[in-house]
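[1] Here is my input; please provide its structure:
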Amino acid sequence: MPWLIGLALAMCWDRAAYLHVRVGANSPTPETAASAAEWLEARAWYQLLYILGTVWPWLIVAAALVFADIGADAGRARRGVRRAVFLIVSVLLSGGAAELAKLACRRLRPEEADGWYRFRPWTEDFWSASNLGLPSSHAAVAFGAAFAMCRVFPRAASVFLAVGIGCSISRLLAGAHFLSDVFAGAGLAFFIVAGVYALDRRNNRGQGIDEIG
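    Sure, this is the predicted structure:
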């Protein structure tokens, strides 16, 4: 219920956020707006936040989790592999679920209708998620990784949540998504990770990923 309330509130602010948060929103001409967008995409911090919404950096983190425990006893070696698998499965399922949800919701990105809601007809590009925005797959991936890492290292939860929030903000700054798009992506990732965690715990005799030493 809290997620549904949050989604409803985000939808109330969708157009306002699109009109005032994205870089170049107040530009007097299309040319200056395009220049502002190019400036944003050239920033290293923006590229970093953007790429955190893809699977590639999390493959590196997963590898680090494995190699951190290689050479130790068998129990610790299994711990590293289990944590890495938990992370990657959470990321892939979160991103995949977001792509499938786009095909079901069919709401176009805000830039397609100047911040108004517009939906693609079912008869048009049925299997293509191109230019569909609800939910944001970048936000789903980033938060899928963040929520998974919060389970693995709960004391560092604030760091990982900041990663998800930062990636989501980058999508708003680019005008690529509505506020509700990124909120829905975060909510979807939350439930996906909770499900993966429950399954992992059941398969390991009730021991959670956060409880292994």
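[2] Quick check: phi and psi on the closest residue to T32 other than its chain neighbours?
    Nearest residue to T32, sequence neighbours excluded (C-beta to C-beta, 6 or more residues apart in numbering): G24, at 6.9 Å. (Glycine included, C-beta is placed from N, CA and C.) The phi and psi values for G24, taken as degrees, to the nearest 10, are phi 90, psi 10.
[3] Now that G24 has come up, it's in contact with E38, right?
    No: with contact defined as C-beta atoms under 8 Å, G24 does not reach E38; the gap is 9.2 Å.
[4] Mean pLDDT per helix and strand in this protein: which one sits at the bottom?
    When the helices and strands of the chain are scored by mean pLDDT, DSSP states H and E, helix 30-41 comes last with a mean of 84.
[5] How about the spatially most central residue of the chain, nearest residue that isn't a chain neighbour?
    By C-alpha atoms, centre = their mean, the chain has its centre lying nearest to A139, at 2.1 Å. Leaving out its chain neighbours, the residue that sits closest to A139 by C-beta to C-beta, 6+ apart is G185, at 3.2 Å.
[6] Rounded mean pLDDT for the host helix or strand of that neighbour, please.
    Using DSSP states H and E, the element containing G185 is helix 179-203. Averaged across helix 179-203, the pLDDT comes to 94.
[7] mind listing the helices for the protein?
    With helices called from DSSP state H, the chain shows them at 2-12, 14-21, 30-41, 44-51, 56-68, 74-105, 137-152, 157-173, 179-203.
[8] Go through the first one and flag the buried ones.
    So the one you mean is helix 2-12. 7, 10-11 (16 or more other C-beta atoms under 10 Å).
[9] Ok, the fourth one next?
    Buried residues in helix 44-51, defined by neighbour count with 16+ other C-beta under 10 Å: 46, 49-50.
[10] So A146 is in contact with G166, correct?
    No: using C-beta under 8 Å, A146 makes no contact with G166, being 9.8 Å away.
[11] what about those two, which has more around it?
    A direct count of neighbours by other C-beta atoms under 10 Å for A146 and G166 places A146 higher, at 29 against 18.
[12] residue contacts, the more buried one?
    Counting by C-beta atoms under 8 Å, 6 or more residues apart in numbering, A146 touches 160-161, 163-164, 189.
[13] tally of neighbours for I60?
    Around I60 there are 9 other residues, counting by other C-beta under 10 Å.
[14] how far away is it from S90?
    As judged by C-beta to C-beta, to the nearest Å, I60 and S90 stand 15 Å apart.
[15] ok, D69 - contacts?
    By C-beta under 8 Å, 6+ apart, the contact set of D69 is 76-77, 79-80.
[16] so how far is G164 from it?
    25 Å.
[17] one step back: when G24 and E38 are compared, which one has more neighbours?
    Using other C-beta under 10 Å as the criterion, G24 and E38 rank with G24 on top: 18 against 11.
[18] Run through this protein and note the low-pLDDT ranges.
    Where the chain drops to pLDDT under 70, the residues are 28, 71-75, 206, 208, 210-213.
[19] Quick check: buried residues in stretch 158-170?
    For stretch 158-170, the neighbour count (16+ other C-beta under 10 Å) marks 160-161, 163-168, 170 as buried.
[20] so L49 sits right up against S170, yeah?
    Yes: taking C-beta under 8 Å as the definition, L49 is a contact partner of S170 at 3.8 Å.
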